[in-house]
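Chemist: dropping the sequence and predicted coords here.
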Amino acid sequence: MKATVNIFITLIVLVILSFKSSANAQLEKIDSLSEYSYISLLTCDPGDQLYSVFGHSAIGVVDPEQKLAVVFNYGTFSFKVAFFYAKFASGKLLYQLSAVPYQRFLREYKYEQRMVNEDILNLSTYQKQRLFDLLKENYKPENRKYQYDFFFDNCATRILDIFYEALDDSLQYIAANNAEIKTHRNLIDECLVDSYWSDLGIDIVLGSVIDRPTTDREKSFLPDYLSEYINNCTVEGKPFVRTSRKLVKESATFKATPWLVRPQLVFWVLFIMVTLLTILFRSKPWVIGDRIVFGVFGILGIIVFLMMFATDHDAAAKNFNIIWAHPLYLVYAWLIGSKHKKALKWASIVILAVNILVLFGWNTIPQMYHIAFIPLIGIIILRSGIIALRYKWA
């Protein structure tokens, strides 16, 4: 059985390598595109995993006269990198530009039932050649890797950057009248309308950096907005997009998080349970229970702190969640049940006051808080308030 699995894995690796060598062979033997060639933006529908829920963008280069059909993809990385998960979490994982055969790229999305739209660009032979040369230059081993940033340097923004590099001032964007002002957080929320826990997690670890209004160009970090952006562009006064068509028409629907397990409901039920237990057992100290509660908030605070100061994720900076979810809750949890009653009393008063201020200043804090934070903050206020009252004469 083990031998069969090893053979199967080997075959998969060989198939992948054959695809890579096929694309490389095509690129190596072609220096100049023919007049029948075309270059297009490929926009792929979201998938059901967090890494794919925002969709994907790539560049297609086709030259039927020279039998060239390659997709350049800035969104690839290797799982074989040493300390992969540590680098991924810390923002130090390098992404790279890959080149794969056109049909292989489309088969993957057809298999996953993710629609692929193609915007064929309206370019002269010279402009196509210029863009193709830049892509080949980027694809060189010494150039293909880059430091990925989800909002500011990803598979979509790289494509728009290379369009501008290839076309210079001839590429002009025509801004839409009365365009809606959106922040980066607003934009990712649009992609997570059915992924409630993913939305919550992102709102916990990403800071106020993503709460400023975006420009139309900055919106193009999302594939759909990139497609919209280039459809509002001109090249030398002509529409940048010549024509559009669907290469993969299937589009699967993904199930939303069931309402019974959505964060807001789960946390409100938890708050009500804690409130009822507080009333029922108001005369008894909750040493173990409170230590668990504030220990959990302390661990959450460590995650927020590490994302802010120990990673290269720019979007995790200036995270005002550190006000109500911070590592010092672990010290507070240790004080509960200890002999340091006076320290516990004043710590409880400070925690109570800070979290009440958070609720009252909800709309003045320069960061959009997730609505599901309210019952969590409510639990902190309730339990710290009870402890402060218990030790008011300490």
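Modeler: Yep, it's here. Residues are numbered from 1 along each chain as shown.

Chemist: all helices of the protein, in order?
Modeler: 2-28, 84-90, 102-111, 125-139, 157-167, 184-191, 196-205, 223-230, 263-280, 287-309, 329-335, 341-360, 373-390 (DSSP state H).

Chemist: so which of the ones you listed is the most packed in?
Modeler: helix 223-230 (a mean of 21; mean count of other Cβ atoms under 10 Å). For every residue, glycine as well, the C-beta is placed using N, CA and C.

Chemist: find the nearest non-adjacent residue to R245, please.
Modeler: E118 (5.5 Å; Cβ to Cβ, 6 or more residues apart in numbering).

Chemist: for the closest residue in space to Q147 that isn't next to it in sequence, give me its contacts.
Modeler: Take Q147 and drop its neighbours on the chain: the residue closest to it by Cβ to Cβ, 6+ apart is L94, 6.4 Å away. The contact partners of L94, taken as Cβ atoms under 8 Å, 6 or more residues apart in numbering, are 77, 81, 145-148.

Chemist: can you pick the most crowded of those?
Modeler: Y148 (21 neighbours; other Cβ atoms under 10 Å).

Chemist: looking at it now. What's its pLDDT?
Modeler: Listed pLDDT for Y148 reads 88.

Chemist: any idea how far the residue nearest to R158 when sequence neighbours are not counted is from L121?
Modeler: Closest residue to R158 apart from its sequence neighbours, by Cβ to Cβ, 6+ apart: Y74 at 4.3 Å. To L121, Y74 is 17 Å away according to Cβ to Cβ, to the nearest Å.

Chemist: these two: who's more crowded?
Modeler: Neighbour count, other Cβ under 10 Å: between Y74 and L121, Y74 has more, with 26 against 23.

Chemist: the most centrally placed residue in the chain and E250: what is the separation?
Modeler: Centroid-nearest residue in the chain: F150, 5.6 Å away (criterion: Cα atoms, centre = their mean). Per Cβ to Cβ, F150 is found 27 Å from E250.

Chemist: next one: V261
Modeler: 29 Å.

Chemist: any weak-confidence spans in the protein?
Modeler: 1-22, 25-26, 79, 81-91, 393-394 (pLDDT under 70).

Chemist: any idea how it splits into domains?
Modeler: 22-179+216-248, 259-390 (automatic domain parsing).

Chemist: just put those in JSON lines and tack on distance to L187.
Modeler: JSON lines is the format used below for those (distance: least, Cβ to Cβ, whole Å):
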{"stretch": "domain 22-179+216-248", "distance to L187": "6"}
{"stretch": "domain 259-390", "distance to L187": "12"}
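
Chemist: just so I know, which of these lies nearest R185?
Modeler: domain 259-390 (5.4 Å; Cβ to Cβ).

Chemist: which residue sits closest to the residue nearest to the centre of the chain, ignoring its sequence neighbours?
Modeler: Using Cβ to Cβ, 6+ apart, the closest residue to F150 is A315 (6.7 Å).

Chemist: contact partners for the one you found?
Modeler: With the criterion set at Cβ under 8 Å, 6+ apart, A315 makes contact with 149-151, 184, 206-207, 209-210.

Chemist: L352 reaches G378, doesn't it?
Modeler: No: contact criterion Cβ atoms under 8 Å: L352 and G378 do not qualify, at 11.7 Å.

Chemist: next, count neighbours for I59.
Modeler: 24.

Chemist: ok, now how distant is the residue lying closest to it once chain neighbours are set aside from A310?
Modeler: Residue nearest to I59 in three dimensions, not counting chain neighbours: F72, with 4.5 Å by Cβ to Cβ, 6+ apart. Using Cβ to Cβ, we find F72 at a distance of 33 Å from A310.

Chemist: more neighbours: which of those two?
Modeler: Set F72 next to A310 and count neighbours by other Cβ under 10 Å: F72 wins out with 27 against 13.

Chemist: rewinding a little: which residues does the residue nearest to R245 bridge with?
Modeler: L42, R245 (DSSP bridges).

Chemist: against V248, how distant is V70?
Modeler: Taken as Cβ to Cβ, the span from V70 to V248 is 17 Å.

Chemist: more neighbours: which of these two?
Modeler: V70 (25 against 22).

Chemist: surely that one meets Y102?
Modeler: Yes: when contacts are counted by Cβ under 8 Å, V70 is listed as touching Y102 (6.4 Å).
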